[in-house]
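**Student:** Provided below are the primary sequence and the corresponding predicted coordinates.
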Amino acid sequence: MNSNPVHDSKAKSRFELDVQGKVAFANYRLSPGAVIITHTETPRELRGRGIASELVNGALRLIRADGLKVVAGCGFVVDYLNKHPEFADLVA
């Protein structure tokens, strides 16, 4: 069973996390061997609860499972990676 609540909505090119019927998401573009996360967005009513961090953590775990690297194309992901050295191996 997959314990990661974040899923890859390939049709929309974004990682999604459903919380109380609202969806936080991280848009991405694929490049050879890497996923470029271009934008993260959390619904206003979910902000301040760590939802975006949970989303990015789950997205990074999915990227790792696929054997890809990540390129932080938005400030939130840059900050998250700086604070979480356990994902340093994923940075392209």
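**Tutor:** Ah, there it is. Numbers count the residues shown, from 1 in each chain.
**Student:** ok, now how distant is the spatially closest residue to residue 6 that is not a sequence neighbour from residue 32?
**Tutor:** With Cβ to Cβ, 6 or more residues apart in numbering as the measure, residue 58 is the residue that lies nearest to residue 6, at 2.7 Å, once sequence neighbours are left out. C-beta: built from backbone N, CA, C; applies to glycine. Taking Cβ to Cβ, to the nearest Å as the measure, residue 58 and residue 32 are separated by 23 Å.
**Student:** Of those two, give the one with the bigger neighbour count.
**Tutor:** Taking other Cβ atoms under 10 Å, residue 58 and residue 32 do not tie; residue 58 has more neighbours (20 against 6).
**Student:** which phi and psi does the more buried one have?
**Tutor:** Main-chain dihedrals, residue 58, degrees, to the nearest 10: phi -60, psi -40.
**Student:** I'd assumed residue 15 was in contact with it.
**Tutor:** Yes. Shown here, residue 58 and residue 15 form a contact pair, counting by Cβ atoms under 8 Å, at 6.8 Å.
**Student:** Pull up the overlap in contacts between the two.
**Tutor:** residue 6 (Cβ atoms under 8 Å, 6 or more residues apart in numbering).
**Student:** And the top strand by length along the chain, what's buried?
**Tutor:** Among all segments of the chain classified by DSSP state E, the strand with the greatest residue count is strand 22-31. Of the residues in strand 22-31, those scored as buried under the neighbour-count criterion (16 or more other Cβ atoms under 10 Å) are 24-28.
**Student:** Now for these: which two are most distant?
**Tutor:** The distance between the two most remote of the buried residues of strand 22-31 (Cβ to Cβ) is 13.9 Å, for 24 and 28.
**Student:** Next, format the buried residues of strand 22-31 as CSV and append pLDDT.
**Tutor:** As requested, the buried residues of strand 22-31 are exported to CSV (pLDDT from 0 to 100):
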residue, pLDDT
24, 97
25, 98
26, 98
27, 98
28, 98
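**Student:** just these now: which is nearest residue 81?
**Tutor:** residue 26 (12.8 Å).
**Student:** List the beta-bridge partners for the closest one.
**Tutor:** Partner residues in beta bridges with residue 26: residue 15, residue 40, with DSSP bridges as the criterion.
**Student:** Thank you, goodbye.
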